[in-house]
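**Q** Take this sequence and fold it.
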Amino acid sequence: MYYEAETQFHEWLGERNAKYQIARNMLAEKIPVEQIMKLTGLTAEEVSAAAKETDAVVAEE
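**A** The predicted model follows:
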């Protein structure tokens, strides 16, 4: 039971990290936050956090 929960957590964490990396790449390409949110499922706050991790400028629509 514990192993299954731990595995699910690691899968979730991997998916989250992948979404953050995609958001960082999109920010680098100057894609608007609204579009990043729509395509990744991240919130505006999460996109902003991804931007802070890479010093990217958040482009508003």
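**Q** contacts and neighbour counts: CA atoms only from here.
**A** OK.
**Q** Beyond the helix or strand where Ala5 lies, next helix or strand please.
**A** For Ala5, the element it lies in under DSSP states H and E is helix 2-28. Once the chain leaves helix 2-28, the next helix or strand it forms, by DSSP H and E, is helix 33-40.
**Q** helices or strands up against that following helix?
**A** Identification of packing neighbours for helix 33-40 by 3 or more CA pairs under 8 Å, 6 or more residues apart in numbering; DSSP states H and E yields helix 2-28, helix 44-54.
**Q** Okay, angle between that helix and helix 44-54 too, please.
**A** Inter-element angle recorded for helix 33-40 and helix 44-54: 100 degrees (by axes from the mean of the first three to the mean of the last three CA atoms, to 10 degrees).
**Q** buried set for helix 33-40?
**A** For helix 33-40, the neighbour count (16 or more other CA atoms under 10 Å) marks 33, 36-37 as buried.
**Q** Pull the distance from stretch 8-22 to the chain's centre.
**A** Counting by CA atoms, centre = their mean, to the nearest Å, stretch 8-22 is centred 8 Å from the centre of its parent chain.
**Q** tell me the mean pLDDT over that stretch?
**A** Taken as a whole, stretch 8-22 has an average pLDDT of 91.
**Q** Distance of the most centrally placed residue in the chain relative to Lys30?
**A** The C-alpha lying nearest the average C-alpha coordinate of the chain belongs to Tyr20 (CA atoms, centre = their mean; 2.5 Å). Between Tyr20 and Lys30 the computed distance is 15 Å (CA to CA, to the nearest Å).
**Q** got it, and Asn17?
**A** Asn17 sits 20 Å away from Lys30 when distances are taken as CA to CA.
**Q** quick check: angle from the helix holding Ala5 to helix 44-54?
**A** Using the same axes, to 10 degrees: helix 2-28 against helix 44-54 is 70 degrees.
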